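Enquirer: A predicted structure for the sequence below; I have some questions about it.
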Amino acid sequence: MMLEMLTGLGLASAAGLNAYIPLLALGLLDRFTSFVELPGGWAWLANEWTLIIVGVLAVVEIVADKVPVIDSINDTIQTFIRPTAGGIVFGAGTSAQTLPIENPADFFTSNAWIPVAIGVVVALVTHLTKSTTRAAATAVAAGTASPALSVGEDAVSVGLSAAAIFAPLIVILVLAVGIFLGWWITRSFTRRRKRAADATIE
């Protein structure tokens, strides 16, 4: 149970940085390898058309997130998409089953919604942290830091997805490093902004 929760936590956190990387990871590994075997309710993630659509969206997200101004618009749109993806990958990663749509009430009475809800919250918190860090950097560097930050976020998302699937215990370490880096970057840019403001006043 603990390993399943760490898997879900890692995948949902990865979705908070990039919604499509963990979705692709689960779908591709289920379809082409034996490392992942999605439960029946989540098998659609490995569907050919699902993978194509998610792959195209991933490319759009990766490019848009590295362009100043557009990255801010993208972050606003992703406020709804990343938590949704987080709920999906947490549910799939912890083997939570979706229930037939003709019995929607069963989804709640069976508590199958709990892992999905946890994933939504985890991804939302991660997304808001990312957005705050990016906003602090943009305020100081006028968006010039966006490409580098975005590459780092994508790398962490890939790392979290891989750790969640192949070595769940490492998720704790990766998350700790990610949280520290986010705090350090925000703190650094906030200090630079304050120094620039003080210099302007003088």
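Expert: Yep, that arrived.
Enquirer: what about Ile170, distance to Leu29?
Expert: When Cβ to Cβ, to the nearest Å is the yardstick, Ile170 and Leu29 sit 17 Å from each other. The way it works is simple: take the backbone N, C-alpha and C, and place the C-beta from them, glycine included.
Enquirer: the more surrounded of those two?
Expert: Shown here are Ile170 and Leu29; by other Cβ atoms under 10 Å, Leu29 has more neighbours (19 against 16).
Enquirer: Surely the more buried one is in contact with Phe166?
Expert: No. Applying Cβ atoms under 8 Å, one finds Leu29 not in contact with Phe166, separated by 9.5 Å.
Enquirer: so what sits against both of those two?
Expert: With contacts defined as Cβ atoms under 8 Å, 6 or more residues apart in numbering, the residues adjacent to both Leu29 and Phe166 are Phe35.
Enquirer: who touches Ser131 in this structure?
Expert: When contacts are counted by Cβ under 8 Å, 6+ apart, Ser131 is found next to Asp75, Thr79.
Enquirer: can you rerun that using 6 Å?
Expert: With contact set as Cβ atoms under 6 Å, 6 or more residues apart in numbering, Ser131 has these partners: Asp75.
Enquirer: How about the secondary structure of it?
Expert: Following DSSP: H, G, I helix; E, B strand; the rest coil, we place Ser131 in the helix state.
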